[in-house]
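Colleague: please find the sequence and the predicted model below.
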Amino acid sequence: NAGVTQTPKFQVLKTGQSMTLQCAQDMNHNSMYWYRQDPGMGLRLIYYSASEGTTDKGEVPNGYNVSRLNKREFSLRLESAAPSQTSVYFCASSGSPEGPLQSYEQYFGPGTRLTVT
Amino acid sequence: AQKITQTQPGMFVQEKEAVTLDCTYDTSDPSYGLFWYKQPSSGEMIFLIYQGSYDQQNATEGRYSLNFQKARKSANLVISASQLGDSAMYFCAMRAYDTGNQFYFGTGTSLTVIP
């Protein structure tokens, strides 16, 4: 049981290059998320997918696209990387509570440290 | 709108002492959950404790307890008997059930345990 896995762990891009961050979970969770973490800013939601086949914008979606490939996999794509996208990117997943008396915490991947020069 | 506020950028505590990390939240949803996560210097996010808005008692998990004051909209994390391994960033988060599956995070508190 690997939990949430992310690839790659580190990446350096030049401005204008594109890349896809991969994320997979083996916990049969419905919901998956992509965050970026910058110093002093906490975690900011880029996109999330409440269930297979759906995606929604979060707080900072500009410059990113996502694909919920199936229930297990949720990828994040940078079409034309910019220095402002230098950050640590976390993927997370959680179950979907069926009511207010239930809750499911998020499980996080190990993160991808991306540098755009 | 949902919002989480952590007003302590950094905290210090002596080993074996207790420490309280503050968290206030804002939501109009009556049903919500509050979470605390720990992020050590290695970078992974570790779930610590959960409190539901309808829970009558404060949540506890080992040395962690959540001081939930609903009227004041606060959900402070209390760590008892601090250990050197508790040195880390701590994030408070909220999930409001009526507004989808989003989690909202605070900006975090950096805790340093002094031997």
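Modeller: Cool, got the structure.
Colleague: residue of chain B nearest chain A, please.
Modeller: Using CB to the nearest CB, B:Ser31 is the residue of chain B that sits closest to chain A, at 3.1 Å. Placement of C-beta: from N, CA and C, glycine included.
Colleague: go ahead and confirm that residue touches B:Ser53.
Modeller: Yes. Contact criterion CB atoms under 8 Å: B:Ser31 and B:Ser53 qualify, at 5.8 Å.
Colleague: who has more neighbours out of the two?
Modeller: Comparing B:Ser31 with B:Ser53 by neighbour count (other CB atoms under 10 Å in any protein chain shown), the higher total belongs to B:Ser53, at 21 against 18.
Colleague: quick check: closest non-adjacent residue to that one.
Modeller: B:Tyr32 (4.7 Å; CB to CB, 6 or more residues apart in numbering or on different chains).
Colleague: and for B:Tyr97?
Modeller: The nearest residue in space to B:Tyr97 (CB to CB, 6+ apart) is B:Ser31, at 4.5 Å.
Colleague: ok, now how distant is the one you found from B:Thr5?
Modeller: B:Ser31 sits 20 Å away from B:Thr5 when distances are taken as CB to CB, to the nearest Å.
Colleague: so what's residue 74 up against?
Modeller: All of this refers to chain A. Contact analysis of A:Phe74 by CB atoms under 8 Å, 6 or more residues apart in numbering or on different chains lists A:23-24, A:32-34, A:49, A:66-68, A:91, A:93.
Colleague: my bad, the chain I had in mind was chain B
Modeller: B:22-25, B:67-68.
Colleague: let me have those residues in a markdown table, extended by distance to chain A and secondary structure.
Modeller: Supplementary listing: the contacts of B:Ser74 in a markdown table, determined by distance: CB to the nearest CB, whole Å; DSSP: H, G, I helix; E, B strand; the rest coil:
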| residue | distance to chain A | secondary structure |
| --- | --- | --- |
| B:Asp22 | 14 | coil |
| B:Cys23 | 12 | coil |
| B:Thr24 | 14 | strand |
| B:Tyr25 | 13 | strand |
| B:Asn67 | 18 | strand |
| B:Phe68 | 13 | strand |
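Colleague: with adjacent residues omitted, what lies nearest to A:Glu105?
Modeller: B:Phe47 (4.5 Å).
Colleague: just checking, what packs against the host helix or strand of that neighbour?
Modeller: Assessed by DSSP states H and E, B:Phe47 sits inside strand B:46-52. In terms of contacts (3 or more CB pairs under 8 Å, 6 or more residues apart in numbering or on different chains; DSSP states H and E), strand B:46-52 is packed against strand B:32-39, strand B:60-61, strand B:64-69, strand B:74-79.
Colleague: columns mean pLDDT and distance to B:Ser87 on top of the ones you listed, output as TSV?
Modeller: What follows is the helices and strands packed on strand B:46-52, written out as TSV (pLDDT from 0 to 100; distance: least, CB to CB, whole Å):
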stretch	mean pLDDT	distance to B:Ser87
strand B:32-39	94	10
strand B:60-61	94	19
strand B:64-69	96	15
strand B:74-79	98	11
